[in-house]
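Structure here, sequence nowhere to be found:
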């Protein structure tokens, strides 16, 4: 029996502490991936159960019922309806919250109807005393026809009992606890006659999924003689829901006692302040300021350390490994490439730290409530606030965070405009350009001019997101029903363990997801920059040293001349030169052109590419790169390349252009169409070109 | 004028009498927003929309465009 493995599906409403139960059962023994083809997160973990049995637990996305209204919820249904799925569970564990038992049980009764062994977990048992709640477990077990585990994922109690119940899942009854078909006996009778071998409730789900969302196969159901209209089906669904609640209410009336005199109105009082028409907004903006402060001020220390560390490592490798192509690849391609990914970890980790604290505590829902009316005017939803804030770290998780926006039109607009927010990848570009063109001076005594410029760029980012949302709202003709339902969970002190796991998982997802692309591009750039189709490239040393003009130059400058000659004649130099006519009106030379081309797939590559361009064959630190950029002059006019006009033009180009392949890929996945990412790519980039062109022509 | 969820004042409690199923998301029904269930208006967002209700012990925010589709009978201020 040592090798026995039980497959467990963890199911529950959002905000029931399902993830905490998952964390308790599995510890850090988890894997996060995606369901094939869609970007719904797939969390799986291993639990050690009694008797040396292994439990493979799938943490399914939170869902209110088996009537799917989002992609996340659809995953749950597709798994539970398909007994041939390799992940089809031996036992379902439905997690409920003692304070919301009535509503949470709706999902439980639906799962029970699928005739899968189902364990009911009543979570947050630690709050029972404070809230004056008592439950009659044996009575509920009898009525619901299954076993119940009373747990507190916060305190870790009851988990052992849950594990024992899981091991004994074969003794659980698979009988449904109510007869849902009585809502329309004739219709269900016909169904049973037509498909005698199918589970009635399963048929019903397959039929109704089309109404709400689904893409489940309907095969012969379509042409059956007793189809009902969408509206009729929805009425039946309402009847079904009422029926389930009648059953649940009847059971809870005897099985659950709540002493209301003990219930505190802490939530009401906190709600009054946090959703107040003045204080509510003040508190929200104070929290936003704190988040930005931490992302930019606090994370600069570890970022500088990472930067210096990788520069040192790169130098160490090139000095201590035998010279040759491999050493060059490692020192100039791979190490700076990995460094370019790792440097974002502090910012991303800080952002997710705050977001998960705000979500865990229940505060985020209050922000959604406060902001909905304002956002609705822009064609967005209150729920768009979360993606727009997350977008300041990275558009990828931000776009994924749009999934809980029920209204497709609002969700689409949010997805399309999120890339305008200033993500952390733009930050290194902004930082270096600002330090080149904006004097480090104080204005009005307290504001640093460089800092103000950076803030202005953030405002431009948010502003253009909002303005494009307004425009899209006018243009887009997407006719789908508009709904907004936001649960307002009770306030909870965030669990450190959950916050840490979220931060670790999201950061890992960024490093391995976006990181792969950045690393690959770094290597490609290195290759293109150090290889050439021309014979001249290999004779660079000969050509430069034999030029009489260079005869009296010191050795260091000769080396630099050779390097830049090689760069000019490399593949990437040829590419840069070929696009020069198109970017010249914007104030850029071919070297900047190379940086723009290479950063087309990921913005942060810009600084790395310039670093590579100015130092190929010669590893230096960032300060020196900045000095080199400062000294760069136009060979024809003798004027500085990175002057004010070019700098501003470049800043605006990076503020607007769609230069992130990962974002395009995620938009493709989330909208399930190439149309939207292509619209993002072309309109944003064209807009960036026009704005930069006008800016440069006005300023030069 | 018909009394709907949208006409309630802050703090008022009511019972849902009828609703327009076609205009209400199923998710809201599943949260217990059904005829016969009690509902209380907890908070109204600035500018009057959305509203924050407690229906059948579910705390949820909905827009007024949905709230006008839910008829209620006031039971206490």
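Good, I have the coordinates. Here the structure is a predicted model, which is why all the values come from computation and not from measurement.

all strands for chain B, in order.
All strands of chain B, identified by DSSP state E, fall at B:13-19, B:38-44, B:51-55, B:58-62, B:70-76.

Out of these, which is closest to chain A?
strand B:58-62 (4.1 Å; CB to the nearest CB). Where C-beta positions appear, they are placed from N, C-alpha and C, glycine not excepted.

okay, the strands of chain B in TSV with distance to residue A:239 and mean neighbour count next?
Shown next, in TSV, are the strands of chain B (distance: least, CB to CB, whole Å; neighbours: other CB atoms under 10 Å in any protein chain shown):
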stretch	distance to residue A:239	mean neighbour count
strand B:13-19	13	17
strand B:38-44	20	20
strand B:51-55	18	23
strand B:58-62	19	24
strand B:70-76	17	16
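
and chain B, which residues reach chain A?
Within reach of chain A by CB under 8 Å from any CB of the partner chain, chain B has these residues: B:21-22, B:25-32, B:34-35, B:37, B:42-43, B:45-50, B:52, B:56-63, B:65-66.

switch the cut-off to 7 Å
With the criterion set to CB under 7 Å from any CB of the partner chain, chain B comes near chain A through B:21-22, B:25-32, B:34, B:42-43, B:45-47, B:49-50, B:52, B:56-63.

Dump the strands of chain B into JSON lines; add mean pLDDT and distance to residue A:54 as well.
JSON lines is the format used below for the strands of chain B (pLDDT from 0 to 100; distance: least, CB to CB, whole Å):
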{"stretch": "strand B:13-19", "mean pLDDT": "92", "distance to residue A:54": "48"}
{"stretch": "strand B:38-44", "mean pLDDT": "91", "distance to residue A:54": "46"}
{"stretch": "strand B:51-55", "mean pLDDT": "92", "distance to residue A:54": "43"}
{"stretch": "strand B:58-62", "mean pLDDT": "90", "distance to residue A:54": "37"}
{"stretch": "strand B:70-76", "mean pLDDT": "90", "distance to residue A:54": "49"}
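
Now tabulate the ones you listed in a markdown table and tack on distance to residue A:256.
Converted to a markdown table, the strands of chain B look like this (distance: least, CB to CB, whole Å):
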| stretch | distance to residue A:256 |
| --- | --- |
| strand B:13-19 | 21 |
| strand B:38-44 | 17 |
| strand B:51-55 | 18 |
| strand B:58-62 | 16 |
| strand B:70-76 | 23 |
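
for the residue nearest to residue A:368 when sequence neighbours are not counted, what are its contacts?
Spatial nearest neighbour of residue A:368, excluding adjacent residues (CB to CB, 6 or more residues apart in numbering or on different chains): residue A:382 at 4.0 Å. The contact partners of residue A:382, taken as CB atoms under 7 Å, 6 or more residues apart in numbering or on different chains, are A:368-369, A:371-372, A:375, A:486.

still on that earlier bit, nearest to residue A:107, of the strands of chain B?
With CB to CB as the measure, strand B:58-62 is the member of the strands of chain B nearest residue A:107 (13.0 Å).

residue contacts, residue A:487?
Shown in contact with residue A:487 (CB under 7 Å, 6+ apart): A:14-15, A:365, B:59-60.

Can you report how many residues neighbour residue A:454?
Residues contacting residue A:454 under the criterion other CB atoms under 10 Å in any protein chain shown number 19.

mind checking the end-to-end distance for stretch A:79-95?
Start-to-end span of stretch A:79-95 (CA to CA, to the nearest Å) is 17 Å.
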